[in-house]
Every structure is written in structure tokens, then in C-alpha cells.
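Q: Sequence plus the predicted model coming up.
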Amino acid sequence: HVFYNMAVAKAVATKIADDLAKSDTANADAYRANAAEFGKKADTIAATERAIGQKHPGAAVVSTEPVAHYLLSASGVVDSTPHGFAAAAEEGHDPAPADVAAMLDLINGHQFDALVVNKQTETAVTKQLQDAARKASVPIVEVTEALPAGQSGVILVDGTRIEDSRGTWLEITFTDNDGD
């Protein structure tokens with residue numbers, strides 16, 4: 001998920017453009033212009049990420065999966081996910097019962113502002129956590145790595161849509177490589 005870090009994404013785009021420009025000098029200006037345009041979009045995303053933190057100062061979340069890590073970090077939102085749970089999710093393993101219990105304790109104790117859930121990685125455990133969050137009236141923020149329905153092509157990293165039950169936190173449109 002490192003490409004959700006806008007500084008890394010910009011640096012990689014610039015490096016690729018520079019390398020392509022050296023090997024294909026006839027198109028060097030186009031490669032560099034495309035990287036610059038990408039950089040502007042990444043800067044817009046970074047500014048939007050910072051705006052989340054300004055709109056929700058001191059906000060804390062727990063996550064069922066680390067897909068939103070860079071967005072949360074850039075926005076200043078604290079990820080309070082217990083280490084054991086986060087490590088299991090990162091490795092693609094089921095969390096230990098003690099880690100699930102720790103998450104449920106956080107939910108039931110209202111010790112954070114929202115539960116962040118990757119809709120693409122739903123399991124029995126994530127369903128259990130979402131059920132507990134609903135029962136405790138804890139907002140659930142859904143994120144996804146997939147293209148929206150009807151989109152195709154190579155995606156330009158434009159961000160993701162993040163909502164909670166109280167309204168939109170962040171919405172950045174997806175654009176395919178055809179500009180549609």
C-alpha cells in the first residue's frame with residue numbers, strides 16, 4: 001500500500017519519467033509533463049488528506065486492514081488498532097482471539113471515533129467487529145482498493161472515497177487512463 005503515500009507515489013513517477021526520458025529522448029518532454037501532472041494531482045490529494053485532520057482534530061480510528069494507513073497518517077488521524085490485530089491483518093492471517101477481544105473492548109468502550117473497514121477483505125471477524133460497532137453506535141468507515149463499478153483501464157492514483165454514517169470525510173474521484 002506504499003503507493004497511497006503521495007510523496008512516494010510522486011517520487012516513483014518522477015523517477016520513471018526520468019528513466020524513460022533517458023531511454024526515449026524523443027518523448028522525454030511528454031514523460032516529464034505526465035509526471036508533473038501526476039505530481040499536481042498527488043499534491044491535491046495530500047492537501048485533502050490534511051483537510052481531514054483539520055476537520056476532525058484528534059480523531060482516532062481502528063482498522064480491520066491497513067489499506068488506509070497512509071491516508072490516516074497523512075491526515076493526522078490516530079490509528080489505535082491493537083498491534084497484534086494489525087500485524088495479523090498485514091500478514092493475511094486471522095487475528096488471535098485475544099486481539100479480537102482487544103478490538104471488541106475498544107469498540108464497546110467507545111475508545112475511538114470510527115471503525116475503518118476494507119470492504120474487499122470481509123471475514124467472519126470483520127463482520128463481528130462491524131456488528132459490534134453498529135450495536136455500540138460507533139461509525140463505520142468503508143474503504144476499498146477496487147475501481148468503482150463501470151470504471152476500467154489503468155487507474156491514476158487519485159485516492160479513495162471515505163464515508164462514515166455522519167457524512168463524507170473525503171471523496172476524490174477516480175480517473176482511468178483515458179481521462180473518463
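A: Sure, I can see it. Numbers count the residues shown, from 1 in each chain.

Q: mind listing what's buried in the longest helix seen in the chain?
A: Longest helix in the chain, counting residues (DSSP state H): helix 28-55. Within helix 28-55, the residues that count as buried by 16 or more other CB atoms under 10 Å are 31, 34-35, 38-39, 41-42, 45-46, 48-49, 52-53. For every residue, glycine as well, the C-beta is placed using N, CA and C.

Q: So which elements touch the helix or strand just after that helix?
A: Moving toward the C-terminus from helix 28-55, the next helix or strand (DSSP states H and E) is strand 60-63. Helices and strands touching strand 60-63, by 3 or more CB pairs under 8 Å, 6 or more residues apart in numbering; DSSP states H and E, are helix 69-75, strand 78-79, helix 83-91, helix 97-108, strand 114-118.

Q: Next up, the contacts around the residue lying closest to Thr81 once chain neighbours are set aside.
A: Nearest non-adjacent residue to Thr81, counting by CB to CB, 6 or more residues apart in numbering: Val62, 4.5 Å away. With contacts defined as CB atoms under 8 Å, 6 or more residues apart in numbering, the neighbours of Val62 are Asp79, Ser80, Thr81, Pro82, Phe85, Met103, Leu106, Ile107, Phe112, Leu115, Val116.
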